[in-house]
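> this one's sequence-less:
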């Protein structure tokens, strides 16, 4: 059952992305030739009024194929234009169609986050409620301090605090992790430098931080759930971007990435181990991850296609379709290679028991 739920969730995330493109294209009067879910061999095909609907064997992608999407720009005014072709539409309409997919993922991420918070017994704030016994940080921080910044990172939600405390390697002479905190104390903004936390060492030999304070729990109201859902969604989106920069800096490697198999395994494990609220929290992170990733200016992704449209709007002329097509082809090929490597790593971790949450 958990595996079935994981597959359904993953399929829903992908399907909603493609439905975003599809709905925007239809709204702009663009002829959609084929709407496909999945990759690989066709297992279902049905001709609608004008669009062919296809389901493929492997639920790891999809496509919304539009007339005139892949080149064939009309540079010669003597050539008759197809008024319903993608490349015949104004740049702003094409931008809407391209952005609609990832935006739908981000909207879904926010909705699922709200569901997760609504189902949670409590909502954590960013205001310190109490300190544990023998707390080191209590020498610097105070009860009722509202944390607004840690080491230069603006704090939107309690998860931001957790992320920042877990991702630091700055230590003092005693070997304790230290951070710069900015808090709201008695109505004034106060910055405290080198706040100490006790360093712990796990079984893997990696250092961590001992969380020696607790934050207040917010009263759950409809408005607070909506507001906190927004802050949590922004935090998750920002966390994904920061993680990508950490990868570029070499903090994380390919072994830390997960593909469809890894994501499905995480969801299925969460269904067995955790509460409904926790599972929804994980799903929200995954769908926001997909939305943000697709907005990156990487060839073959929506972000790169949008970037080409931005260039077109500036120079008042589209880039030659063969040039754009080659860029996306190379990008797609590299992404497929990356997908194969990540999938292989997921299988190895699954077999060896290294893919756990």
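Yep, it's here. All values reported here derive from a predicted model rather than from experimental measurement.

> buried stuff in stretch 234-253?
234-240, 243 (16 or more other CB atoms under 10 Å). From N, CA and C alone the C-beta is placed, and that goes for glycine too.

> Same list, those residues, but as a markdown table with pLDDT and distance to residue 56 please.
Conversion of those to a markdown table gives the following (pLDDT from 0 to 100; distance: CB to CB, whole Å):
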| residue | pLDDT | distance to residue 56 |
| --- | --- | --- |
| 234 | 92 | 34 |
| 235 | 91 | 35 |
| 236 | 90 | 29 |
| 237 | 92 | 29 |
| 238 | 90 | 34 |
| 239 | 86 | 32 |
| 240 | 85 | 27 |
| 243 | 82 | 30 |
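
> What is the neighbour count of the residue lying closest to residue 241 once chain neighbours are set aside?
Sequence neighbours aside, residue 292 is the residue nearest to residue 241 in space, at 6.5 Å (criterion: CB to CB, 6 or more residues apart in numbering). If you count neighbours by other CB atoms under 10 Å, residue 292 ends up with 21.

> Could you do residue 109 as well?
With neighbours defined by other CB under 10 Å, the count for residue 109 comes to 26.

> Next, it: secondary structure please.
On the three-state scheme (DSSP: H, G, I helix; E, B strand; the rest coil), residue 109 is labelled helix.

> Please name the residues that touch the residue with the shortest distance to the centre of the chain.
The residue lying closest to the centre of the chain (CA atoms, centre = their mean) is residue 289, at 1.4 Å. Neighbour list for residue 289: 236, 240 [criterion: CB atoms under 8 Å, 6 or more residues apart in numbering].

> picking up where we left off before, may I ask you to confirm that the residue nearest to residue 241 is in contact with residue 102?
Yes - counting by CB atoms under 8 Å, residue 292 does reach residue 102; the two are 7.4 Å apart.

> on that earlier part again, separation between the residue nearest to the centre of the chain and residue 341?
Distance of residue 289 to residue 341, given as CB to CB, to the nearest Å: 18 Å.

> State whether residue 194 is indeed within a strand.
Yes - counting by three-state DSSP, residue 194 falls inside a strand.

> bridging residues for residue 37?
Residue 37 has these beta-bridge partners by DSSP bridges: residue 55, residue 62.

> So residue 294 sits against residue 303, correct?
Yes - counting by CB under 8 Å, residue 294 does reach residue 303; the two are 6.4 Å apart.

> hey, what's in contact with both of the two?
residue 102.

> the more surrounded of the two?
residue 294 (22 against 18).

> secondary structure class for that one?
Criterion first, three-state DSSP; result for residue 294: helix.

> Nearest residue to it in space, ignoring adjacent ones along the chain?
residue 102 (4.1 Å).

> Sticking with that neighbour, tell me its helix or strand.
Using DSSP states H and E, residue 102 sits within helix 91-119.

> What is the subsequent helix or strand relative to that helix?
strand 123-131.

> now the angle from that next one to helix 91-119?
50 degrees (axes from the mean of the first three to the mean of the last three CA atoms, to 10 degrees).

> From the contact counts, what lies against strand 123-131?
strand 146-150, helix 158-166, strand 213-218, helix 222-248 (3 or more CB pairs under 8 Å, 6 or more residues apart in numbering; DSSP states H and E).

> Next, the buried residues of it.
123-128, 131.

> Which one of the residues you listed is nearest to residue 269?
residue 124 (23.2 Å; CB to CB).

> In space, what's closest to the closest one - neighbours in sequence excluded?
Per CB to CB, 6+ apart, closest to residue 124 is residue 158, 3.9 Å.

> which ones are touching that neighbour?
So residue 158 contacts 124-126, 215 (CB under 8 Å, 6+ apart).

> Name the nearest of these relative to residue 271.
residue 124 (23.0 Å).

> give me every residue that touches the closest one.
Residue 124 touches 157-158, 215-218, counting by CB under 8 Å, 6+ apart.

> so, if you compare those residues, which one comes nearest to residue 166?
residue 158 (12.7 Å).

> picking that back up, now which of the contacts of residue 124 would you call buried?
So, by 16+ other CB under 10 Å, the buried ones in the contacts of residue 124 are 157-158, 215-216, 218.

> any weak-confidence spans in this structure?
1-3, 71-81, 200-208, 210, 252-256, 259-264, 266, 350-351, 353-357 (pLDDT under 70).

> That one - how does it break down into domains?
2-119+264-352, 124-219 (automatic domain parsing).
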